[in-house]
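K.L.:
Sequence and predicted structure below; questions after.
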Amino acid sequence: MNSPPRPDLDQLLAAARSVRRPLTLPRDCFAGKVGAALVTAEGDLFTGVNLDLACGIGFCAEHSAVAEMLKTHQTRVVAVAAVGRRGVLPPCGRCRELLIQIDPANANAEVLVAPGQTVPLGELLPRHWYPSEADAEA
């Protein structure tokens, strides 16, 4: 299997920045303070924004981007980036888990952790168990 082409990190960061448009909602709730973008193995780009609700049931921008991707039945992420007011935001633990659980191959996804600097998702989950196809059949 051919490996997907290396994504343009500047383009990925620009896409994440383009959707980051803070919106104040009622009751001290917010949306769009964080923007995320991801590129799939098929070369498609998906974006998402966060939702910060007072009750705690909001979600991260990466979750929003993953949901958009899943609508197209794609699961393999090549690279992901998120940005907030202060710049690049590495994914939280919940987002890391989401990415690895939708496709174990995402352990190789490049995660933007600082401008121009990526780390494979698997290195951010160093003691994680990655299920194999045989495990799924069991």
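P.N.:
Yep, that arrived.
K.L.:
Longest strand in this structure, please.
P.N.:
Within the chain, and with DSSP state E defining each element, the longest strand by residue count is strand 29-40.
K.L.:
So which elements touch that one?
P.N.:
Strand 29-40 is packed against helix 9-19, strand 23-25, strand 45-52, helix 61-70, strand 77-84, with contacts defined by 3 or more C-beta pairs under 8 Å, 6 or more residues apart in numbering; DSSP states H and E. All C-beta spots, glycine's among them, are computed from the backbone N, C-alpha and C.
K.L.:
Let me know which of those is tucked in deepest.
P.N.:
Scoring the helices and strands packed on strand 29-40 by mean neighbour count under mean count of other C-beta atoms under 10 Å gives strand 77-84 as the most buried, with a mean of 25.
K.L.:
low pLDDT regions in this structure?
P.N.:
Filtered on pLDDT under 70, the chain yields the residue ranges 1-5, 128-138.
K.L.:
between the helices and strands packed on strand 29-40, which gets nearest to residue 123?
P.N.:
When these are compared by C-beta to C-beta, strand 77-84 sits nearest residue 123, at 13.7 Å.
K.L.:
before we move on, the earlier item: export the helices and strands packed on strand 29-40 to JSON lines and tack on distance to residue 114?
P.N.:
Putting these into JSON lines (distance: least, C-beta to C-beta, whole Å) gives the following:
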{"stretch": "helix 9-19", "distance to residue 114": "11"}
{"stretch": "strand 23-25", "distance to residue 114": "27"}
{"stretch": "strand 45-52", "distance to residue 114": "20"}
{"stretch": "helix 61-70", "distance to residue 114": "17"}
{"stretch": "strand 77-84", "distance to residue 114": "10"}
